[in-house]
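Novice: Predicted model and sequence below, questions to follow.
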Amino acid sequence: MPARPNFQPAVDLARRGLSGIARSPRAHRVLDLVQRELQGALFPEESYGSRYYGSERDPSSRAGLSGYERYDRATSNANAAAYLVWRSFPTTTHLDVGCATGFVVEALREVQVDAWGSDVSGWAVDHATEGALGRLRRGDLTKRLPYGSGLFDSVTALETLEHLPPEAIPRAMAELRRVCRGYLLATIPSFGPRDTGPDGWLQAKIPDDRLDRYYGFGPDYGGPIPLEDLTRDVEGNPIEGHLTIASFSWWRKRFEEAGFVRLPDLERSLQGDLDLMGLDEYWNVYAFRVPEASEPPIPVRTESERSERASHWGLHGLL
């Protein structure tokens with residue numbers, strides 16, 4: 001069998017040459033443009049551009065359109081999300097998948113976590129918040145994220161997985177498992193019964209005239225809801241870009257098939273915090289570990305540490 005060619009010397013030579021060229025401001029701008037064009041070729045569909053994040057929208061109303069009236073650290077609930085990670089996991093390295101402009105990354109760095117982010121939106125990555133500059137990369141969860149295997153103590157996928165179609169979920173779960181060496185925290189709009197918090201619902205996720213039909217299937221129905229039965233915005237697209245609407249049991253099975261081990265006691269504890277923060281109605285939380293990781297103590301931080309951080313981040317319900 002012939003030996004595989006070794007391209008590394010050529011790669012090293014090209015890298016040294018490009019590094020030298022990039023010292024020129026004009027050449028640096030050209031290389032930046034080339035990088036953007038290459039990213040455009042790799043990610044041709046920009047579903048979550050500036051308009052989705054509210055930069056071209058009257059902030060007084062979304063007028064039936066999906067996306068945000070405005071997107072900032074407060075409206076994204078980034079402090080709450082970062083608090084849940086920080087209080088739950090003994091983590092020093094973290095990846096936020098579906099990070100948008102990086103507010104969770106920014107917040108975690110304030111508590112000395114080496115945090116990084118990845119998002120499919122080139123606009124979001126290009127408009128990273130100040131505390132996440134240089135820490136966000138564009139990546140597609142259904143292909144391969146731009147990080148090595150087992151690189152992160154903890155990973156989050158917050159209000160992210162429901163934006164993928166059902167057939168893409170197994171691949172996305174496998175990729176989350178690949179980069180995670182410890183713990184995973186996800187929030188996903190879900191319906192049906194739950195043993196660690198309030199049950200989910202279907203209102204707003206499907207049109208009102210179809211609710212009775214789906215509730216008639218009983219508590220064992222797991223979904224996902226067919227695409228044609230999802231609620232649409234005024235442009236005819238699934239509302240908020242949500243493509244997979246399924247039950248808690250359906251989502252748990254997908255995580256477990258990917259190799260994650262559920263942490264129900266932690267989910268209950270987190271649900272208590274979400275209740276105090278007024279987010280229990282909006283965030284359906286899932287907590288997992290990889291088989292090699294031990295169950296974390298609940299919570300990881302002391303009461304005084306939690307109180308001080310909650311006060312600093314304005315999470316007044318936790319005081």
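Specialist: Arrived safely, thanks for sending.
Novice: dump the residue contacts of P224.
Specialist: 166, 244-246, 250 (C-beta atoms under 8 Å, 6 or more residues apart in numbering). All C-beta atoms are positioned from the backbone trio N, CA, C, and that covers glycine.
Novice: Then R232?
Specialist: 238-239.
Novice: any idea how far L243 is from it?
Specialist: Here the criterion is C-beta to C-beta, to the nearest Å. By it, R232 lies 12 Å from L243.
Novice: Kindly report the same for A78.
Specialist: 24 Å.
Novice: try P193
Specialist: For P193, the distance to L243 - C-beta to C-beta - is 23 Å.
Novice: can you check L315 too?
Specialist: 31 Å.
Novice: re the thing from before, which one of the contacts of P224 is nearest to K205?
Specialist: I245 (4.9 Å; C-beta to C-beta).
Novice: Count the neighbours of the closest one for me.
Specialist: 26 (other C-beta atoms under 10 Å).
Novice: neighbour-wise, which of P193 and L243 wins?
Specialist: L243 (20 against 12).
Novice: That one and L161 touch, don't they?
Specialist: No. L243 lies out of contact with L161 (C-beta atoms under 8 Å); the separation is 9.7 Å.
Novice: related to what we said a few turns ago, from the contacts of P224, which ones fall inside strands?
Specialist: The strands, defined by DSSP state E, take in A246 from those.
Novice: Using JSON lines, lay out the contacts of P224 together with pLDDT.
Specialist: As requested, these are exported to JSON lines (pLDDT from 0 to 100):
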{"residue": "P166", "pLDDT": "97"}
{"residue": "T244", "pLDDT": "97"}
{"residue": "I245", "pLDDT": "97"}
{"residue": "A246", "pLDDT": "97"}
{"residue": "W250", "pLDDT": "98"}
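Novice: can I get the contacts of P224 in JSON lines with distance to H127?
Specialist: Shown next, in JSON lines, are the contacts of P224 (distance: C-beta to C-beta, whole Å):
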{"residue": "P166", "distance to H127": "30"}
{"residue": "T244", "distance to H127": "27"}
{"residue": "I245", "distance to H127": "29"}
{"residue": "A246", "distance to H127": "31"}
{"residue": "W250", "distance to H127": "34"}
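Novice: Which stretches in the stretch 201-319 of the chain count as helices?
Specialist: 211-215, 248-257, 264-277, 303-312 (DSSP state H, counting those that start in this stretch).
Novice: Tell me which of the ones you listed approaches S50 most closely.
Specialist: Among the helices of the stretch 201-319 of the chain, helix 264-277 sits nearest to S50 (C-beta to C-beta), with 29.0 Å.
Novice: That closest one: which residues count as buried?
Specialist: Using 16 or more other C-beta atoms under 10 Å as the test for burial, helix 264-277 gives 266-267, 269-271, 273-274, 277.
Novice: My guess is V285 contacts G272. True?
Specialist: No. In this structure, V285 is not within contact of G272 by C-beta under 8 Å, at 10.6 Å.
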